[in-house]
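In: coords below, sequence missing:
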Ligand SMILES: [Zn+2]
């Protein structure tokens, strides 16, 4: 409960700072030349993190300027906005959120300190078929919501999210509806194609369990019929217990698991330890492959290329 009070205090503090900052910005703006060039006429979109910014840019093209709040590669769960982030939010035309409890900082206290009149706020998972947060028994994880927030890692769910961004751009800027529609249809074709490939290429899988460093693949496992087992559970800071390592090694032997998955945003220390432990006990070695979380461009791959790469990595562990 102390946490809640702190958050509210923090929000009050931030809204006070914000009022001052905006006052200064308004004065600076009045003294300054009017903004020149095309940017002034573009729809200003602020997305909370990379995949949503990627979709907004894809659909909005020349008529939007997109800013992403959370730096690339940073796990969004425990991120907190700065005052300058609040200023960005307050000057946006369209604010794009993941929702499903991912950005609790925006959905709870801080939103109440922003003036939202004239803005379109898109909660991209609103009304979507969300999964419950996975239950780790005694583990205390900091996804504080009741839902699994990792929707964007499923190309199917991402398509539904992108559609909400498309709807919002058309609602805010109906003059360019035809342009947005054409670009949305192009993006949708790509996302649908990736979803179809996942369905077809994982249909004849011979194994149905994957071990991952962070349990972020619930929407993939639900749609394409496999099960994820996290080494560190839902949050990044947890450390696996000796018992957890032991039971994972047993499972790897039982189910003939040949691949362990990591993401560049997480330390691979526990996955490596698991591999060492398996090798020590059984003499077997496994492959360690990337499953991307799509938190920023990485290894030269953009969001969609990461989703395609994830399919190849999953096939290596599940098929054949
Ligand atoms: Zn996560």
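Out: Nice, I can see it. Worth saying up front: this structure is predicted, and the values here are computed from it rather than measured. Residues are numbered from 1 along each chain as shown.

In: show me where the chain has strands.
Out: Chain-ordered strands for the chain, with DSSP state E as the definition, fall at 43-47, 64-68, 94-97, 120-123, 209-212, 227-230, 259-262, 287-290.

In: now those strands in CSV, with distance to residue 248, mean neighbour count and mean pLDDT?
Out: Yep, even glycine has a C-beta here, placed from its N, CA and C like the rest. Shown next, in CSV, are those (distance: least, C-beta to C-beta, whole Å; neighbours: other C-beta atoms under 10 Å; pLDDT from 0 to 100):
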stretch, distance to residue 248, mean neighbour count, mean pLDDT
strand 43-47, 35, 23, 98
strand 64-68, 35, 20, 98
strand 94-97, 34, 24, 96
strand 120-123, 35, 20, 94
strand 209-212, 6, 21, 94
strand 227-230, 7, 19, 92
strand 259-262, 9, 23, 93
strand 287-290, 14, 16, 93
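
In: any chance of those strands in TSV with distance to residue 251 as columns?
Out: Supplementary listing: the strands of the chain in TSV, determined by distance: least, C-beta to C-beta, whole Å:
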stretch	distance to residue 251
strand 43-47	38
strand 64-68	37
strand 94-97	36
strand 120-123	37
strand 209-212	7
strand 227-230	7
strand 259-262	12
strand 287-290	17
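
In: which one of those strands lies nearest to residue 186?
Out: strand 64-68 (15.4 Å; C-beta to C-beta).

In: packing partners for the closest one?
Out: Where contact means 3 or more C-beta pairs under 8 Å, 6 or more residues apart in numbering; DSSP states H and E, strand 64-68 is packed against strand 43-47, helix 50-60.

In: now the angle from it to helix 50-60?
Out: 180 degrees (axes from the mean of the first three to the mean of the last three C-alpha atoms, to 10 degrees).

In: quick check: domain ranges of the chain?
Out: 2-135+146-197, 203-318 (automatic domain parsing).

In: worst average pLDDT in the ones you listed?
Out: Comparing mean pLDDT across the domains of the chain, the weakest is domain 2-135+146-197, with a mean of 85.

In: helices of the stretch 1-150 of the chain, start to end?
Out: 2-31, 50-60, 83-90, 104-107 (DSSP state H, counting those that start in this stretch).

In: gap between residue 179 and residue 197?
Out: 28 Å (C-beta to C-beta, to the nearest Å).

In: residue 159 against residue 193, yeah?
Out: No. Look at residue 159 against residue 193 with C-beta atoms under 8 Å: they stay out of range, at 10.5 Å.

In: give me the more crowded residue out of the two.
Out: Set side by side, residue 159 and residue 193 show more neighbours around residue 159, with 17 against 13, by other C-beta atoms under 10 Å.

In: report the contact partners of the more buried one.
Out: For residue 159, the contact set (C-beta atoms under 8 Å, 6 or more residues apart in numbering) comprises 188, 191, 192, 195.

In: how close does it sit to residue 245?
Out: 37 Å.

In: where do the helices of the stretch 201-320 of the chain begin and end?
Out: Going by DSSP H, counting those that start in this stretch, the stretch 201-320 of the chain shows helices at 218-224, 242-254, 269-282, 303-318.

In: just checking, what packs against the second one?
Out: Spelled out, that is helix 242-254. Helix 242-254 sits against strand 209-212, helix 269-282, with contacts defined as 3+ C-beta pairs under 8 Å, 6+ apart.

In: could you dump the helices and strands packed on strand 64-68 to TSV with distance to residue 314?
Out: Listed next are those as TSV, based on distance: least, C-beta to C-beta, whole Å:
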stretch	distance to residue 314
strand 43-47	27
helix 50-60	18
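
In: closest to residue 146 out of the ones you listed?
Out: Comparing the helices and strands packed on strand 64-68 under C-beta to C-beta, the one sitting nearest is helix 50-60, at 21.3 Å.

In: and the closest one with helix 303-318, angle?
Out: Using the same axes, to 10 degrees: helix 50-60 against helix 303-318 is 130 degrees.

In: how far off centre is helix 50-60?
Out: Helix 50-60 sits 12 Å away from the centroid of its parent chain (C-alpha atoms, centre = their mean, to the nearest Å).

In: buried set for it?
Out: 50, 51, 52, 53, 54, 55, 56, 57, 58, 59, 60 (16 or more other C-beta atoms under 10 Å).

In: what do you get for stretch 294-303?
Out: 294, 295, 296, 298, 301, 303.

In: residues in contact with stretch 65-81?
Out: Residues contacting stretch 65-81 (C-beta under 8 Å, 6+ apart): 14, 39, 42-50, 52-53, 56-57, 60, 85, 88-89, 92, 98, 102-103, 105-106, 110, 142-143, 214, 235-236, 264-266, 293, 295-298.

In: that'll do, ta.
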